[in-house]
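S.K.: next one to model:
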Amino acid sequence: MYYDLNKDVFRKRLILEASYKMKIKNKGEEKLINDFLLDLAKSLKMKTINGPFISSATGNAKPIHEGYEGQVVWAESGADIYVWTKYNFLTVDIYSCKDFNTEKTINFIKKYFDIKDFTYKETPDELYRKFENKIELKSTKVKGSGIFAKEEIKKGEILSYVDGQIYFSKKESQINSLVKDHAIPFSKYFYRNSFNSLSVKFNHSCDPNCYIKDLFFVTAMRDIKKGEELTMSYSLFCNSDWQNPEGKCFCKSKKCYGKIVPWRDLTKEDKEKYIPFTADWILFEEMKKNGYLDNLKNSLK
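M.R.: Next up, the predicted model:
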């Protein structure tokens, strides 16, 4: 499970995988990798304190694994590169406790190896680094832990951002067991893991003060006082067969249902009250079921 456990320690990781076109001279791989790691450090203005260290699996592994590996240690952490020479494929893994420009770094690597196709992932996401400055994780007696306001929060403020791997499942109960209890549905069969931010730690309440807006943004439903616990109603974005492992709700609100129910099992009063805060995909499915899309079709004529 990943979320920012220590906001005082800055760290950033960039992983890039790519197919390269550059022609490497025979027996020139080790020098190329050595020079790349040194030039990368200069480009990022990192201080090299150990390495680079270059090793090869050629002759010691199956042909599919033949290639080279290089590491360099910086005062600001370090970088690794893995090259599969048979397939003209590489992975670069940069971990740093000093910020660097992601776009410039990717362009540097692309130019260095004459890269044609690439993919990358950066953590932590800059969005929730931006949003989570007003909230904090604290221990609670009943729920174990929860999210609390460090200062006053105004209605409509974005507090966190759901950013994780996307899963497909026709039943929420069948999602990967590691993420099942933290997945955020954003369509009928698609779910997003919420491990990558503090959004995973918002407790459920049948009388919430936050909700998920525009699929992934945890947003204040009303003005919130400093020190107040921040909660969401999972019912406003869940409408499947998922059930909380404890089998009961701990919110202790006057309007508590006793357990966490799917949207379809909310009272008519609560459905009407929380329409502005209900996930768009649930409202869309409800509109389809009741034939309301015909009205939209007619209005387009």
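
S.K.: Lys170 reaches Tyr191, doesn't it?
M.R.: No. Counting by C-beta atoms under 8 Å, Tyr191 is not a contact partner of Lys170; they are 11.1 Å apart. C-beta: built from backbone N, CA, C; applies to glycine.

S.K.: okay, now the unreliable bits of the stretch 201-301 of the chain?
M.R.: Low-confidence segments of the stretch 201-301 of the chain, defined by pLDDT under 70: 301.

S.K.: can you pull out the strands in the stretch 101-250 of the chain?
M.R.: 115-123, 135-140, 144-149, 158-161, 166-168, 183-185, 190-193, 203-204, 210-213, 217-220, 229-232 (DSSP state E, counting those that start in this stretch).

S.K.: in a markdown table, list those along with mean neighbour count and distance to Asn88.
M.R.: Shown next, in a markdown table, are the strands of the stretch 101-250 of the chain (neighbours: other C-beta atoms under 10 Å; distance: least, C-beta to C-beta, whole Å):
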| stretch | mean neighbour count | distance to Asn88 |
| --- | --- | --- |
| strand 115-123 | 13 | 9 |
| strand 135-140 | 15 | 44 |
| strand 144-149 | 16 | 46 |
| strand 158-161 | 23 | 36 |
| strand 166-168 | 13 | 29 |
| strand 183-185 | 25 | 37 |
| strand 190-193 | 21 | 32 |
| strand 203-204 | 19 | 49 |
| strand 210-213 | 23 | 42 |
| strand 217-220 | 21 | 40 |
| strand 229-232 | 22 | 47 |
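
S.K.: export these to TSV and tack on distance to Val72?
M.R.: Below are the strands of the stretch 101-250 of the chain laid out as TSV (distance: least, C-beta to C-beta, whole Å):
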stretch	distance to Val72
strand 115-123	19
strand 135-140	34
strand 144-149	38
strand 158-161	32
strand 166-168	33
strand 183-185	37
strand 190-193	32
strand 203-204	43
strand 210-213	41
strand 217-220	38
strand 229-232	42
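
S.K.: could you say which one of those strands comes nearest to Ser96?
M.R.: When these are compared by C-beta to C-beta, strand 115-123 sits nearest Ser96, at 11.3 Å.

S.K.: so what's Phe108 up against?
M.R.: Taking C-beta atoms under 8 Å, 6 or more residues apart in numbering, we find Phe108 in contact with Leu40, Ser43.

S.K.: ditto for Glu76
M.R.: Met46, Lys47, Ser96, Cys97, Lys98.

S.K.: could you find the closest non-adjacent residue to it?
M.R.: Lys98 (4.2 Å; C-beta to C-beta, 6 or more residues apart in numbering).

S.K.: what about the one you found, distance to Glu136?
M.R.: 25 Å (C-beta to C-beta, to the nearest Å).

S.K.: check Asn203 too.
M.R.: Distance, Asn203 to Glu136, by C-beta to C-beta: 14 Å.

S.K.: if I pick Val83, what's in contact with it?
M.R.: The contact partners of Val83, taken as C-beta under 8 Å, 6+ apart, are Glu29, Ile33, Gly67, Tyr68, Glu69, Gly70, Phe89, Leu90.

S.K.: out of those residues, which end up buried?
M.R.: Glu29, Ile33, Gly67, Tyr68, Gly70, Leu90 (16 or more other C-beta atoms under 10 Å).

S.K.: pretty sure Cys206 sits against Tyr257.
M.R.: Yes. Cys206 lies in contact with Tyr257 (C-beta under 8 Å); the separation is 5.3 Å.
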